[in-house]
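1. quick one: sequence and predicted model below, then my questions.
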Amino acid sequence: MPISIDTIIARLGGPDATARLTGVGTEAIRKWRQAQAIPSRHWPVIARATGLSLTDLDPASPTSPDPSPLAPSSPVPGGSITGIPMPDARPDGATAALVLADGSILWGKGFGAFTQTPALGEICFSTGMTGYQETLTDPSFAGQIITFTFPHIGNVGTTPEDDEAQRSAALGLVTKEDLTEPANWRATESLDAWLKAQGIPGIAGVDTRSLTLKIRDHGAQTAALYFPQNGQFDLAALLDATRAWPGLEGMDLAKAVTCKAPYTWSESVWEWPKTTRPAPENRRRVVAVDYGAKRNILRCLVAAGCDVTVVPATATADEILALKPAGVFLSNGPGDPAATAEYAVPAIQGVLNAGLPLFGICLGHQLLALALGGRTYKLARGHRGANQPVKDLATGRVEITSQNHGFAVDADSLPADAHVTHVSLFDGSNEGLASDRFPAFSVQYHPEASPGPSDSFYLFERFVALIDAHGSKD
């Protein structure tokens, strides 16, 4: 017989320990108690930690009247297993479908590229009001379908200058309204034409508020976005595909988005309308390890006074040190940091042991934590958007930051010779750390802010100052 949710939480060490283990906030734990149900995506980790069986955790038992919204099941005719009415019958005018692993079926109007096979990945949401092209080309979105919470997408069109990578990494996008025609002097083509060229499908007419609340309350899950040219849908096959997809945990995606060979970068940040800011004359040689680097990060490094050489994610410590850098930068990127760590951590530890200043962001932050002996975990819904408040614990200053991550560093797992520097004011999760043993620091958010505010550019300047201070001691 299934045991009570309170008993399970007690076995895990209480609400705070349960939240850390499962990667959710304590508010989610309160809701589990209220509903007397734990979403099925958390069952495996809870079972391993408590020794309970999946039968013990099954919310379908009469003792748990509110079934888990993510429990494996077949769709209920005329709706979804969440109880939210979403018609299985195709509405008039619908040309695309978004099928979620919980059985929900969301119909809409397709745009962008037709799909021969469904775009299959994790559904997430981004709260940014601007910068949809930068978002879609951010390599950190590999393996994900993006729901834009801002309803009007497409109004500024697209331009090659705004690409953050050579190709889009996102699998697809979901919008509330039909794409807006461009009304911007910089636009070279519409978003729809750009998506077709990139091979990316989209679906409009979706209740993105409802979808965002679903992800917020129940966590991210797998989705299939299907926009077939022949207009034929096999909903059962789409649902089976979502439930068969393994998820981002354990998935190394850095190798899929990294550069193939080393290259140099010399372009500084933009100064509109037509030029870029001149790079400082005094420049420090920096190696940037590309786990999925955004171009504006490289621009910010140059603007801060760095002479940048970019190397692939798989570069070894010997290969990095052979370039004789004054400092090393660890970039953003997609996937599970614990999977990428297999080859990244030995390289990072080699750099640390060589005594070189090191700065990491996003995935680079998580990999530095792993290299120092910490742990990472999967967040229930992730942080994505350009309006995320972060507190600097040293100064008390609150920065509004741009973020895109689905994993986080377990602050309690950091060694005694490392300390937390920044925390999220949304959920208290770790947003920065620094080593007391090595000249190394990192942040979870994106200080290059493309798109987003520029509150955090000082971190690039801090990195350069660390390089200069280290050089003066040699």
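-> On my side now, so go ahead. Everything numeric in this text was worked out from a predicted model, so none of it was measured. Residues are numbered from 1 along each chain as shown.

2. gap between the helix or strand where residue 106 lies and the chain center?
-> In this assignment (DSSP states H and E), residue 106 forms part of strand 105-112. Here strand 105-112 shows a centroid-to-chain-centroid distance of 23 Å under the convention Cα atoms, centre = their mean, to the nearest Å.

3. repeat for stretch 345-354
-> Per Cα atoms, centre = their mean, the displacement of stretch 345-354 from the mean C-alpha position of its chain is 25 Å.

4. now that stretch: average pLDDT?
-> For stretch 345-354, mean pLDDT is 98.

5. same deal with stretch 186-203?
-> 96.

6. quick one: end-to-end distance for that stretch.
-> 25 Å (Cα to Cα, to the nearest Å).

7. use 781 as the first number from now on
-> Got it, the first residue is 781 from now on, which makes the last one we talked about stretch 966-983.

8. sorry, back to before: give the buried residues for the strand holding residue 886.
-> For strand 885-892, the neighbour count (16 or more other Cβ atoms under 10 Å) marks 885, 886, 887, 888, 889, 890, 891, 892 as buried. Where C-beta positions appear, they are placed from N, C-alpha and C, glycine not excepted.

9. for the stretch 781-930 of the chain, give me the ranges with low pLDDT.
-> The model of the stretch 781-930 of the chain has pLDDT under 70 over residues 781-782, 814-815, 834-835, 837-868.

10. quick one, strands of the stretch 1081-1230 of the chain?
-> For the stretch 1081-1230 of the chain, the strands defined by DSSP state E, counting those that start in this stretch cover 1086-1092, 1107-1110, 1138-1141, 1155-1172, 1178-1190, 1198-1204, 1210-1215, 1220-1223.

11. how distant is the fifth one from the center of its chain?
-> Spelled out, it's strand 1178-1190. Centre-to-centre, strand 1178-1190 and its host chain are 9 Å apart (Cα atoms, centre = their mean).

12. check which helices and strands that strand sits against.
-> If you count contacts as 3 or more Cβ pairs under 8 Å, 6 or more residues apart in numbering; DSSP states H and E, strand 1178-1190 packs onto strand 899-906, helix 1143-1152, strand 1155-1172, strand 1210-1215.

13. center of the protein, which residue is that?
-> Against the mean C-alpha coordinate of the chain, by Cα atoms, centre = their mean, the closest residue is residue 1185 at 2.8 Å.

14. model confidence for that one, exactly?
-> Looking at residue 1185, its pLDDT reads 92.

15. bridging residues for it?
-> Assessed by DSSP bridges, residue 1185 has beta-bridge partners residue 1163.

16. swap in residue 1226?
-> Assessed by DSSP bridges, residue 1226 has beta-bridge partners residue 1182.

17. that one contacts residue 1073, correct?
-> No. Using Cβ atoms under 8 Å, residue 1226 makes no contact with residue 1073, being 11.0 Å away.

18. what's the overlap in contacts for the two?
-> Common contacts of residue 1226 and residue 1073 (Cβ atoms under 8 Å, 6 or more residues apart in numbering): residue 1112.

19. which of the two has more neighbours?
-> Taking neighbours as other Cβ atoms under 10 Å, residue 1226 and residue 1073 compare with residue 1073 leading, 33 against 26.

20. any idea how far the more buried one lies from residue 1143?
-> As for residue 1073, its distance to residue 1143 is 10 Å (criterion: Cβ to Cβ, to the nearest Å).

21. what of residue 870?
-> Per Cβ to Cβ, residue 870 is found 39 Å from residue 1143.

22. and if you look at residue 1062?
-> Distance check for residue 1062 against residue 1143: by Cβ to Cβ, it reads 30 Å.

23. the more surrounded of those two?
-> Applying other Cβ under 10 Å to residue 1062 and residue 1143 shows that residue 1143 carries more neighbours, namely 33 against 9.

24. residue 1101 and residue 1131 touch, don't they?
-> Yes. Using Cβ under 8 Å, residue 1101 is in contact with residue 1131, at 7.2 Å.

25. higher neighbour count, the two?
-> Ranked by neighbour count (other Cβ under 10 Å), residue 1101 and residue 1131 place residue 1131 first, with 24 against 16.

26. so what's the more buried one closest to, chain neighbours aside?
-> residue 1108 (5.0 Å; Cβ to Cβ, 6 or more residues apart in numbering).

27. number of residues surrounding the one you found?
-> By other Cβ under 10 Å, 29 other residues sit near residue 1108.

28. I figured it hits residue 1066, correct?
-> Yes. Residue 1108 lies in contact with residue 1066 (Cβ under 8 Å); the separation is 7.0 Å.

29. helix or strand for residue 836, which one?
-> helix 834-837.

30. let me redo that: residue 972
-> Element membership for residue 972, per DSSP H and E: helix 971-978.

31. mind listing what's buried along that helix?
-> For helix 971-978, the neighbour count (16+ other Cβ under 10 Å) marks 971, 972, 974, 975, 976, 978 as buried.

32. so which elements touch the helix or strand following it?
-> Next in sequence after helix 971-978, counting helices and strands by DSSP H and E, comes strand 981-984. Contacting strand 981-984 under the criterion 3+ Cβ pairs under 8 Å, 6+ apart are the following elements: strand 876-880, strand 885-892, strand 952-954, strand 1001-1006.

33. now do residue 1002: how many residues are near it, please.
-> Residue 1002 has 24 nearby residues by other Cβ under 10 Å.

34. contact partners for it?
-> Taking Cβ under 8 Å, 6+ apart as the criterion, residue 1002 is in contact with 880, 881, 900, 901, 902, 903, 1022, 1023, 1025, 1027.

35. list only buried entries from these.
-> Buried subset of these (neighbour count, 16+ other Cβ under 10 Å): 880, 881, 900, 901, 902, 903, 1022, 1025, 1027.

36. how far away is the fourth one from residue 910?
-> When you say that, I think you mean residue 901. The value you get for residue 901 to residue 910, if Cβ to Cβ is used, is 24 Å.

37. including distance to residue 1007, could the buried ones among the contacts of residue 1002 go into CSV?
-> CSV is the format used below for those (distance: Cβ to Cβ, whole Å):
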residue, distance to residue 1007
880, 16
881, 19
900, 13
901, 15
902, 18
903, 15
1022, 16
1025, 18
1027, 23
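
38. closest to residue 1249 out of these?
-> Residue 1249 lies nearest to residue 902 out of these, by Cβ to Cβ, at 40.9 Å.

39. pairing partners for the closest one in the sheet, please.
-> With DSSP bridges as the criterion, residue 902 is bridged to residue 924, residue 1002.

40. so what's it up against?
-> For residue 902, the contact set (Cβ under 8 Å, 6+ apart) comprises 923, 924, 925, 1000, 1001, 1002, 1003, 1027, 1028, 1186.

41. go again using 7 Å as the cut-off
-> Listed by Cβ atoms under 7 Å, 6 or more residues apart in numbering, the contact partners of residue 902 are 923, 924, 1000, 1002, 1027, 1028.

42. with residue 889 instead?
-> By Cβ under 7 Å, 6+ apart, residue 889 lies in contact with 873, 874, 875, 876, 958, 984, 985.
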